[in-house]
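please work out how this folds:
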Amino acid sequence: MAAPLALIAAGGVVAGPLLESGLPAPPQQWAFIVLALPLPALGWLLAVRRPEVRYGWLLLAAALALGLGVVGVGLSARGEAHSLATVLTALVAVFYGLTWIFVPLLFPDGRLPGRRWRAVAWISGGAVALHAGGNLAWGYNPYHLPGGPLSAAQWAGVYASAAGQLVTWVMSVVVFCGLVLRWRRSGRVERGQYAWMVGGMAATAAGAVLLSLFNIGGAQHAAVGLAGVLAVVGSLPAAIAVAVVRHRLLDVRVGLRGSRLHLVFDLRPTVDEVLSDLGTALRETPEPVEQLGRLAAAVRTGLDLRWAAVTLPDGTRVVAGHQEGAAVLELPVRGGRIECGPRQAGPLTRVDRRLLEALAVPAGLAIQSAGLVTRLINAQEAERRRIERNIHDGVQQQLVALIAGLELARATGAGPDMLANLREQARQTLADLRELAAGIHPSALSQGGLVEAVEERCSRLPVRTTVTSPPPLRARRFADEIEGAMYFTVSEAVANALKHAGAATIEVGLALDGGRLRATVADDGKGFDPATPARRGLATLEDRLDALGGSLTVDSEPGKGTRVEAWVPVDG
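Residues are numbered from 1 along each chain as shown. Reported below is the predicted structural model:
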């Protein structure tokens, strides 16, 4: 959208003067074209590189009004397309209103300096519309003024145009005074930007005075009037361009590359570019810690920071760049926080903060994903160590004792009593092996499904336990990871009810509704405060369910029992 508007504006700036004078065009027309073309170019650059900043679109609107307006002036000079020429020429008043009022008022980020300026903006908008509409109703033509008497409608247009122009002048003075005040109050980095805008506005005002006083009256004043036109058209674009290059209004730097001077266009990437690069980097980086490093690097590059860091709740922290001093900005995101060091040059602006806020959602998802992967890996390692410890301390010792007993029986000629004892030891070892296997993945879950496995698990509990589920659910089978997650959630919940809650009654419910497989475990035990950190087993299961797109909630109070609810999405 920005490119077509800029091309139309630039085409009008070139075509209008050439229509007016014809070819070969005099030098003053080429001077006008050269000084007017930077406006659409700056508008296009800012709108493309900073689409979230409305200032670029404002410059494009001013450039478009100028380009179409001078085309109207050119058509009027040739006496062609009178109606179209009148409409287009009226846009010159829009160009004046935008450049004299709104370009300085909304400098530098396209926003009003404060609420009190809203009235100025509304009055100015009305004045510009009145000026342009009056010219249109009057049938204003700078080359062919009506020779006969004006009609009532035309006289109304004349008065409306004059009133709109007067108010526009008054508002431009008010805006200029406000711009000077903002310049005086600005910080060190912004002071240079505002200084050039103040200078550009002063040159524009001087040009408008020259244009008003000396553009009428013959050839002796033609050069002065031309100077006024060029000042009105070229001063503000020139001031903005200098602010861009010298004071990094758009983060454009002039630097040395090798032994030669180059313009280094060190423009910050747009939000879309940062998000696209971040998404590609995360897809190509499977390791969670490395993903956090890519995220920190993307934030640092996008905001041109000296350093940036990503921190997880467990204390994991990855820094991109060399950290010196405290963070100047912190943004809490889902699953952690982002810390920003100072910029390479200048303070963080409102545009920087908006870019960081735009990164909050994808960054939070990346941080949460990395944290979840880390916790799952830790949980798997803890489970492996638990199984290894159970084998070492339990079944392995029993097998060692059984082998020693068999060796002794062979050496001594064991009698029936010893053989019976060895047989009982072998049966106990087999039972322990089956129990250990059930803790890894119970055979009832593989063979009979979730409901049957839960019923078998609860049938061995020493307290009164009921399991309820709708009949159709008993015959349903789900993916192994879903059945395993729900089974171990129920198993952990009932184990906690026995070990920690001292429950006398446990109720387990399984259900399928709304595309969700649900499990509920409620007990009448002593309860606990869910905010306490004594939830390691449930926290691991919560991560497991979260990885499947589900969730786990715990509702408990001391003395009021505990209710654990878990769900995962399923098909159908």
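
ok, now which ones touch the residue lying farthest from the centre of the chain?
Relative to the average C-alpha location in the chain, and by C-alpha atoms, centre = their mean, no residue lies farther out than Gly413, which sits at 80.3 Å. The neighbours of Gly413, taking C-beta atoms under 8 Å, 6 or more residues apart in numbering as the test, come to nothing; the list is empty. Glycine gets a C-beta too; all of them are placed from N, C-alpha and C.

mind pulling the model confidence for Phe265?
Here the pLDDT value assigned to Phe265 is 47.

repeat that for Leu512.
Reported pLDDT for Leu512: 92.

distance of it relative to Ile506?
According to C-beta to C-beta, to the nearest Å, Leu512 and Ile506 sit 21 Å apart.

where do the helices of the stretch 51-200 of the chain begin and end?
Residue ranges of the helices in the stretch 51-200 of the chain, as given by DSSP state H, counting those that start in this stretch, are 55-78, 82-89, 91-97, 103-105, 118-138, 152-185, 188-214.

quick one: which of the ones you listed is nearest Val490?
Taking C-beta to C-beta as the measure, these were each checked against Val490, and helix 55-78 came out nearest at 58.0 Å.

helix 82-89 and the closest one, what's the angle between them?
Compare the direction of helix 55-78 with that of helix 82-89 by axes from the mean of the first three to the mean of the last three C-alpha atoms, to 10 degrees and you get 150 degrees.

let's verify Ala511: helix, strand, or coil?
In three-state terms, and counting by DSSP: H, G, I helix; E, B strand; the rest coil, Ala511 is strand.

quick check: bridge partners of it?
With beta bridges defined as DSSP bridges, Ala511 has these partners: Arg518.

give the contact list for it.
Residues near Ala511 by C-beta under 8 Å, 6+ apart: 469-470, 473, 517-518, 520.

of those, keep whichever come out buried.
By neighbour count, with 16 or more other C-beta atoms under 10 Å, the contacts of Ala511 hold 469, 517-518, 520 as buried.

which one of the residues you listed is nearest Leu292?
Checking those against Leu292 with C-beta to C-beta, the nearest one is Leu517 at 32.4 Å.

ok, the closest one to Leu399 distance?
Computed as C-beta to C-beta, the Leu517 to Leu399 distance reads 39 Å.

same check, this time on Ala31
Ala31 sits 100 Å away from Leu399, taking C-beta to C-beta as the criterion.

quick check, Thr466 in a helix?
No: membership of Thr466 in a helix is not supported by three-state DSSP, which gives strand.

per-residue pLDDT, it?
According to the model's per-residue confidence, Thr466 sits at a pLDDT of 93.

what about it, how many neighbours?
By other C-beta atoms under 10 Å, the residues close to Thr466 number 10.

right, and Ala153 touches Ala137 too?
Yes: using C-beta atoms under 8 Å, Ala153 and Ala137 qualify as a contacting pair, with a distance of 6.0 Å.

which residue of the two possesses the greater neighbour count?
Using other C-beta under 10 Å, the more surrounded residue of Ala153 and Ala137 is Ala137, with 20 against 11.

okay, now the closest residue in space to that one that isn't next to it in sequence: neighbour count?
In space, Ala137 comes closest to Gly157 once its chain neighbours are excluded; the distance is 3.1 Å by C-beta to C-beta, 6 or more residues apart in numbering. The tally of other residues near Gly157 (other C-beta under 10 Å) stands at 21.

ok, Pro113 next?
15.

what's the spacing between it and Ala320?
As for Pro113, its distance to Ala320 is 35 Å (criterion: C-beta to C-beta).

same question for Ala420.
With C-beta to C-beta as the criterion, Ala420 and Ala320 are 70 Å apart.

again with Arg477
As for Arg477, its distance to Ala320 is 47 Å (criterion: C-beta to C-beta).

neighbour count for these two, which is higher?
Set side by side, Arg477 and Ala320 show more neighbours around Ala320, with 22 against 10, by other C-beta under 10 Å.

secondary structure class for that one?
On the basis of three-state DSSP, Ala320 is classed as strand.

for it, what are its contacts?
When the contact criterion is C-beta under 8 Å, 6+ apart, the partners of Ala320 are 293, 296-297, 299-300, 307-309.

and what of Phe488?
541, 544.

now the strands for this structure?
Listed in chain order, the strands found in the chain under DSSP state E are 253-257, 260-264, 307-311, 317-321, 329-333, 336-340, 464-468, 505-513, 516-523, 551-556, 562-569.

ok, and what's touching the last one?
This means strand 562-569. Counting contacts by C-beta under 8 Å, 6+ apart, the residues outside strand 562-569 that touch it are 482, 485-486, 489-490, 493, 496-497, 501, 515-523, 525, 527-528, 538, 541, 545, 548-556.
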